[in-house]
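Student: take a look and give me a structure for this.
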Amino acid sequence: MSIRDPLSSDVAPVGARGRMIISFLIGLLVGLVVLGWWLWPVEWKDAAPVDLHQDYRQVYLEAVADLYEADPGADLNRLLGDASWNREKLERDLKQAYNNAPDTATKTRLLRLGQALNIQVNSGVQGPDAQAEDGQVLLRLCSSSLS
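Tutor: Residues are numbered from 1 along each chain as shown. Okay, here's the model as predicted:
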């Protein structure tokens, strides 16, 4: 029977390979968390409109519609980010902006922008101008039938 030293450990000491792995993990933690997220986080600059969040793309399309309303001769390709939008995504975003527009004036401007881009924005539903005209015709018919 041999006498064991109570202070000794059965675990082998960490070799060069173990130190390298531990150093790598500590470096990864410091590099990613401290440097990458805290000291020098990535800041996006000059993002294309198509790369924005959906809410900001809607605001951008509303601004382009406002500019196009003020200047119908404006270069729409330049305003839309030099064709960074593909046709399907532009159509989807324009329809979504139209459906989420806060008022009829904004819907009208987005509808006109869609017409300039040959995109049917309102999916077959009449635009605000056509609805107003229909309302006026109905009002005239009702008033003429009462008299």
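
Student: tell me the domain boundaries of the chain?
Tutor: When the chain is parsed with automatic domain parsing, its domains come out as 12-43, 49-128.

Student: identify the residue nearest the geometric centre of this protein.
Tutor: Nearest to the mean C-alpha position of the chain, counting by Cα atoms, centre = their mean, stands His53 at 1.9 Å.

Student: so what pLDDT did that residue get?
Tutor: Here the pLDDT value assigned to His53 is 86.

Student: before we move on, the earlier item: just name the most buried of the domains of the chain.
Tutor: domain 49-128 (a mean of 16; mean count of other Cβ atoms under 10 Å). Just so you know, the C-beta spots here come from the backbone N, C-alpha and C atoms, and that holds for glycine as well.

Student: Ala74 contacts Ala63, doesn't it?
Tutor: No - look at Ala74 against Ala63 with Cβ atoms under 8 Å: they stay out of range, at 11.7 Å.

Student: any idea how far Arg92 is from Ala116?
Tutor: Going from Arg92 to Ala116 by Cβ to Cβ, to the nearest Å gives 17 Å.
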